[in-house]
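Visitor: predicted model and sequence below, questions to follow.
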Amino acid sequence: MHATTLSFRTDNDLAEQTRALASSVGLKSSDYIRQAVREKNEHVMAQRIAALSRELSAEHLAINESLEVSLTDGLD
């Protein structure tokens with residue numbers, strides 16, 4: 001695996017808090033941040049998939065309802 005560097009700026013309070021929390025769970029701060037970003041990415045992706053699923057479901061329901069109305073066309 002080829003590693004790529006990703007950097008960001010933050011204030012001292014967040015940096016110190018992150019280092020302290022990473023240390024408290026036995027991780028290097030880079031591993032702690034990597035895990036946090038991965039978890040956030042998974043969360044955002046799950047939200048996106050859920051939204052797309054709801055949208056597709058609504059479209060599917062609308063199509064089904066329009067087809068149900070046409071089932072009786074010309075059958076009288």
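Guide: Arrived safely. Numbers count the residues shown, from 1 in each chain.

Visitor: helices or strands up against whatever helix or strand residue 34 lives in?
Guide: Secondary structure assigned from DSSP states H and E places residue 34 in helix 29-70. Counting contacts by 3 or more Cβ pairs under 8 Å, 6 or more residues apart in numbering; DSSP states H and E, helix 29-70 packs against helix 12-24. (Glycine included, C-beta is placed from N, CA and C.)

Visitor: now do the helix it packs on: distance to the chain's middle.
Guide: Counting by Cα atoms, centre = their mean, to the nearest Å, helix 12-24 is centred 25 Å from the centre of its parent chain.

Visitor: so how far is stretch 14-25 off the chain centroid?
Guide: That offset, for stretch 14-25, works out to 24 Å (Cα atoms, centre = their mean).

Visitor: in it, which residues are buried?
Guide: Residues residue 22 are the ones in stretch 14-25 that count as buried (16 or more other Cβ atoms under 10 Å).

Visitor: name the SS class of residue 27, please.
Guide: Assigned by DSSP: H, G, I helix; E, B strand; the rest coil, the conformation of residue 27 is coil.

Visitor: wait, it touches residue 33, no?
Guide: No - between residue 27 and residue 33 there is no contact, the gap being 9.2 Å when judged by Cβ atoms under 8 Å.

Visitor: what is in contact with these two at once?
Guide: Common contact partners of residue 27 and residue 33 (Cβ atoms under 8 Å, 6 or more residues apart in numbering): none.

Visitor: now the helix holding residue 34 and helix 12-24, what's the angle there?
Guide: When axes from the mean of the first three to the mean of the last three Cα atoms, to 10 degrees is applied, the directions of helix 29-70 and helix 12-24 differ by 100 degrees.
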